[in-house]
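got a predicted structure here, sequence first:
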Amino acid sequence: MSDVLTGSCMCGKVHFEVREPATDLYHCHCSMCRKMHGTAFTTYAVAPKDSMVFTQGADNLARFDSSPGVSRFFCKTCGCQMTIDVAAQPNDRWFMPGILEGAQHPGAADTERHIFVGSKLPWLHLDEKLPQSEEA
Amino acid sequence: MTTAHQESLAGGCLCGAVRFELTEPAHDVYHCHCSICRKLQGALYPTYGVVARTGFRLMKGADNLTTYDSSDVVHRHFCRTCGSHVFEDTNYQPENVWFSVGTLDDGADPGGRAATERHIFWESRTGWYEPGDDLPKIIKFGDETT
């Protein structure tokens, strides 16, 4: 198994590599993340920023600051949400495991959990095997 | 039981540039596990509601949408400011609009779930996250259950 994770947007203009396994993995149910992705919930992995490299198309990313210090980057062409930088954690970068090639596991399986469950869609059934927290 | 008047649902992207209303509930709701939908919305499986075009009103921000054609017949519209995928059109069902359920305000229920909610393209799922519900799991788009 390769130690390097590879990911890309749908249209293929933007590619990245994650050269170290993720250190954190969670499913977020907050209303902001739902609207950002248009999904029932979102899934994020966190990797050391130095290990995450855009190998193609970084100039095709648009940036949206969803709150002060939280910058989200998506492909201008296909709208794929790809990464997040958080000013308070300058050594980390968030990426979306759903866009890894071949549905690779991002790593950090022991950290996988649901967060902001207090905000989740009331009708969404969660995998009860994972830990849940009301907020972060 | 008589059907109560359906209140309209409102939705939009995160930044608020694009807003829409539904004047009728969705008649179809599903969670899609295909790799195209995953990559478009940066999620493990997006959830879509299907509504008659007559029940979908784009209230604001048509000029702030970018359209990406994920195939010759599927046209996806996202906000160019925040990137939120709001809705899509298809050539094969021009009478319908697909909307991203996560864009509804306040986590509103899109309607139509009791009869239709299901997982589709189940065999394309990531394999490491199991939704853990009892909904039907469809192999592709039609009626082939696993």
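Structure received. All values reported here derive from a predicted model rather than from experimental measurement.

spit out the contact partners of the residue in chain A positioned nearest to chain B.
Proximity of chain A to chain B (CB to the nearest CB) peaks at residue A:38, 2.8 Å away. Heads up, the C-betas are built off the backbone N, CA and C, glycines and all. When contacts are counted by CB atoms under 8 Å, 6 or more residues apart in numbering or on different chains, residue A:38 touches B:13, B:41, B:46, B:84, B:85, B:86, B:100, B:101, B:102, B:103.

ranges for the strands of the chain?
Went with chain A since none was named. A:5-8, A:15-18, A:24-28, A:42-48, A:52-56, A:61-67, A:70-75, A:81-86, A:92-95, A:113-115 (DSSP state E).

switch to chain B, please.
B:9-12, B:19-22, B:28-32, B:47-52, B:56-60, B:65-71, B:74-79, B:85-90, B:96-100, B:118-120.

export those strands to a markdown table and tack on mean neighbour count?
Formatted as a markdown table, these follow (neighbours: other CB atoms under 10 Å in any protein chain shown):
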| stretch | mean neighbour count |
| --- | --- |
| strand B:9-12 | 22 |
| strand B:19-22 | 20 |
| strand B:28-32 | 24 |
| strand B:47-52 | 23 |
| strand B:56-60 | 15 |
| strand B:65-71 | 15 |
| strand B:74-79 | 24 |
| strand B:85-90 | 23 |
| strand B:96-100 | 25 |
| strand B:118-120 | 20 |
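
any chance of the ones you listed in a markdown table, plus distance to chain A?
Below are the strands of chain B laid out as a markdown table (distance: least, CB to the nearest CB, whole Å):
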| stretch | distance to chain A |
| --- | --- |
| strand B:9-12 | 7 |
| strand B:19-22 | 11 |
| strand B:28-32 | 7 |
| strand B:47-52 | 4 |
| strand B:56-60 | 15 |
| strand B:65-71 | 4 |
| strand B:74-79 | 3 |
| strand B:85-90 | 4 |
| strand B:96-100 | 3 |
| strand B:118-120 | 11 |
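
who's in contact with the longest helix anywhere in chain B?
In chain B, ranked by residue count with DSSP state H as the criterion, the top helix is helix B:35-41. Helix B:35-41 has contacts (CB under 8 Å, 6+ apart) with A:8-10, A:37-39, A:78-81, A:98-99, A:103, B:44-46, B:68, B:70-71, B:76, B:85, B:100, B:121, B:124, B:126.

buried members of the residues you listed into PyMOL, please.
Selection of buried members from the contacts of helix B:35-41 for PyMOL, criterion 16 or more other CB atoms under 10 Å in any protein chain shown:
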select buried, (chain A and resi 8+9+10+37+38+39+78+79+80+81+98+99+103) or (chain B and resi 44+45+46+68+70+76+85+100+121+124+126)
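
now do the same contact list for residue B:92.
Counted by CB under 8 Å, 6+ apart, residue B:92 has contacts residue B:73.

residue contacts, the residue nearest to the spatial centre of chain B?
The residue lying closest to the centre of chain B (CA atoms, centre = their mean) is residue B:48, at 2.1 Å. Each residue near residue B:48 by CB under 8 Å, 6+ apart is listed here: B:29, B:30, B:32, B:88, B:98, B:99, B:100, B:101.

give me that answer again for 10 Å
A:38-39, B:26, B:28-32, B:37, B:41, B:85, B:87-88, B:98-102, B:110, B:120 (CB atoms under 10 Å, 6 or more residues apart in numbering or on different chains).

what of residue A:134?
A:29, A:114, A:115, A:116, A:117, A:118, A:119, A:120.

do that again at 6 Å, thanks
A:117, A:118 (CB atoms under 6 Å, 6 or more residues apart in numbering or on different chains).

what pLDDT does it get?
For residue A:134, the model assigns a pLDDT of 92.

and residue A:2, by the same measure?
Looking at residue A:2, the pLDDT reads 57.

what does residue B:143 give?
At residue B:143, pLDDT is 64.

residue B:87 versus the nearest residue to residue B:121 once chain neighbours are set aside, what's the distance?
Spatial nearest neighbour of residue B:121, excluding adjacent residues (CB to CB, 6 or more residues apart in numbering or on different chains): residue B:34 at 3.9 Å. Computed with CB to CB, to the nearest Å, the distance linking residue B:34 and residue B:87 is 18 Å.
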